[in-house]
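> next come a sequence and a model predicted from it.
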Amino acid sequence: MSAIIIDGRAVAARKREEAGARAGALRGRGVIPCLAVILVGEDPASLSYVAGKEKALAEAGIASRDFRLPRESKEEELLAVIRTLNADETVHGILVQLPLPSHIREDAVISAVDPAKDVDGFHPVSVGNMVLGRKGFLPCTPHGVLVLLREQGIPVNGAHAVVLGRSNIVGKPLANLLSRKDVNATVTICHTGTGNPKIYTREADILIAAAGRPGLVTADMVKEGAAVIDVGVNRVEDSAARKGYRLSGDVDYGPVSEKAGWITPVPGGVGPMTIAMLLLNVIEAAENAENAKDAAAGLYG
Ligand code: NAP
C-alpha cells in the first residue's frame, strides 16, 4: 500500500484565503490588521522564516512592521521594543522570532508580550487558556497539525495518537490539544527518556514526529495504515544540493510512505500550515481589538 500524501500547501492555501477575506472585511471597517515581527541577530534560518512569514502576510492583506535588532542587543532593549508595541493600538500581533541569542532570557521575552497580541500562543496566559479549554490563541504548529488532520478527514476521535517530542512549542501543546474532549484522541508522549519508543509508535493510529531528528521514524516503527505527520524540519548536509544541505523531516519518508495510510511530506506538509495559522491568529487579534472597542463605545448595548 502507498500512503495518501497530505498536501499541506493546498490546505494552507485555503486557510490563507480565509485570512485574506477576513483581512478585507477588517479593512472595510477602516482597520489594517498588523503584525510586528521582531528579529534579533541574523541567524540564516530565522531570516528565511521571517521572510516567508512576511510574504504570506502581504499576500493576505496583513501589514507587517519589521524590527531588526543587532545580535548583541541587551534583553532590556528588546523588552522596551515589546512594551512600545504592546501600547500601540495599530499593532494587533507581536511575534518575536525564536531562538534568541543565549544572553536573552526567552521566558522573560515571551512573558512581556501582551497576551491579547500573543499570536504565537507561547505566553503563559495563552498556554493556560489552551490547557483549560478556554478561548485564546493556539500555538500555530500544533493547531496547524490539528486542522490538517481534520481537513484530510483522518479519524481522530478514539484514535491512539503518539507524539514524539515534548517541547513547549510543539510536542506538549499538540498532545494537549489532541486529548481535548472535542478532539478525543488517546495520547502517548515519547521523549528522550522513553526507553524504546517503537513499543508505542507501532500502536499509533496517528504518529506525530516532532523530535528534530532526521530519519528517526523508520518503517518498522509504524503501524500499517497509520497517519504519519512529520513536523520535523532538519538541515541535512548534501553536497549535491545547491546550498550544501537539504531539508529533511524526522521520518524516513520513502519506506514509511509504503506502509502508512497518510503521510505529510517535508517540505509541503506541516510547515505551510504553521504560517497559515499565524495569519489567522493575527486576524483574530485584530477582530478582538476592534470588537472590544465597539463594545466599549456601547455599540453592543
Ligand atoms: P526541541 O525543542 O528540540 O524538542 C525536541 C523534542 O524531541 C524534545 O522534547 C526531545 O526530548 C524529543 N526528542 C529528541 N530526540 C528524541 C528521540 N530520539 N525520541 C523521542 N523524542 C526525542 O524541538 P521543537 O522546537 O519541538 O521542534 C521539533 C522539530 O520540529 C524540529 O525539527 C523543528 O525544526 C521542527 N519544527 C517545525 C515547525 C514547522 O512549522 N514545520 C515548527 C516548529 C518546529 P527531551 O524533552 O527529552 O529532550
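It's in. Source: prediction; values computed, not measured.

> alpha carbons only for contacts and neighbour counts from here, please
Will do.

> near the ligand, which residues of this protein are found?
Residues of the chain found near the ligand (CA under 6 Å from any ligand atom) are 141, 164-167, 169-171, 190-193, 210-212, 231-234, 270-271, 274.

> tell me who's in contact with the nearest residue to Pro255 once chain neighbours are set aside.
Using CA to CA, 6 or more residues apart in numbering and skipping the chain neighbours, the partner closest in space to Pro255 is Ala219 (5.7 Å). Residues in contact with Ala219 (CA atoms under 8 Å, 6 or more residues apart in numbering) are 252, 255-256, 259.

> that older thread, PyMOL command for the buried members of the residues of the chain next to the ligand?
Here is the PyMOL command that selects the buried residues among those (16 or more other CA atoms under 10 Å):
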select buried, resi 141+164+165+166+169+170+171+190+191+210+211+212+231+232+233+234+270+271+274
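
> the stretch 101-250 of the chain: helices as residue ranges?
Along the stretch 101-250 of the chain, counting by DSSP state H, counting those that start in this stretch, helices occupy 106-112, 124-132, 140-151, 171-178, 198-201.

> the second one packs against which elements?
The one in question is helix 124-132. Secondary-structure packing of helix 124-132 (3 or more CA pairs under 8 Å, 6 or more residues apart in numbering; DSSP states H and E): helix 171-178.

> contacts only, for the residue nearest to the spatial centre of the chain.
Against the mean C-alpha coordinate of the chain, by CA atoms, centre = their mean, the closest residue is Thr141 at 2.1 Å. The contact partners of Thr141, taken as CA under 8 Å, 6+ apart, are 169-170, 270-271, 273-274, 277.

> likewise Glu75?
With contact taken as CA under 8 Å, 6+ apart, Glu75 is in contact with 103-105, 109.

> any of those residues buried? List them.
Listed as buried from these are 104, 109; burial here means 16+ other CA under 10 Å.

> from the contacts of Glu75, which is closest to the ligand?
Closest approach to the ligand among the contacts of Glu75 (CA to the nearest ligand atom): Arg105, at 15.3 Å.

> look up how far Glu18 lies from that closest one.
Distance of Arg105 to Glu18, computed by CA to CA, to the nearest Å: 35 Å.

> again, but for Lys293
Lys293 is 23 Å from Glu18, where distance means CA to CA.

> can you check Leu177 too?
22 Å.

> then Thr264?
Relative to Glu18, and taking CA to CA, Thr264 is found at 22 Å.

> Lys198 now?
The spacing between Lys198 and Glu18, counted by CA to CA, is 39 Å.

> ditto for Lys181
26 Å.

> the two - which one has more neighbours?
Glu18 (17 against 10; other CA atoms under 10 Å).

> skip the chain neighbours and tell me the closest residue to the more buried one.
In space, Glu18 is closest to Leu280, 8.0 Å off (CA to CA, 6+ apart).

> could you do Asn129 as well?
Excluding the flanking residues, the one nearest Asn129 by CA to CA, 6+ apart is Gly136, at 5.9 Å.

> right, and the one you found touches Gly128 too?
No - between Gly136 and Gly128 there is no contact under CA atoms under 8 Å: 9.1 Å.

> what sits up against whichever strand or helix holds Arg27?
Taking DSSP states H and E as the criterion, Arg27 maps to helix 8-28. With CA under 8 Å, 6+ apart as the test, helix 8-28 has contacts from 32-33, 59-62, 148, 151, 264, 268-273, 275-277, 279-280, 283, 286-287.

> buried subset of those, written for ChimeraX?
Of the contacts of helix 8-28, the buried ones can be selected in ChimeraX as follows, counting by 16+ other CA under 10 Å:
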select :32,33,60,61,62,148,264,268,269,270,271,272,273,275,276,277,279,280,283,286,287
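
> among the contacts of helix 8-28, which lie within helices?
Of the contacts of helix 8-28, the ones assigned to helices by DSSP state H are 59, 148, 151, 270-273, 275-277, 279-280, 283, 286-287.

> what's the closest of those to the ligand?
For the ones in helices among the contacts of helix 8-28, the nearest to the ligand is Gly271 (3.6 Å; CA to the nearest ligand atom).

> the closest one reaches Val231, doesn't it?
Yes - assessed by CA under 8 Å, Gly271 is found in contact with Val231 at 7.4 Å.

> that's a helix at Glu77, yeah?
Yes - according to DSSP: H, G, I helix; E, B strand; the rest coil, Glu77 belongs to a helix.
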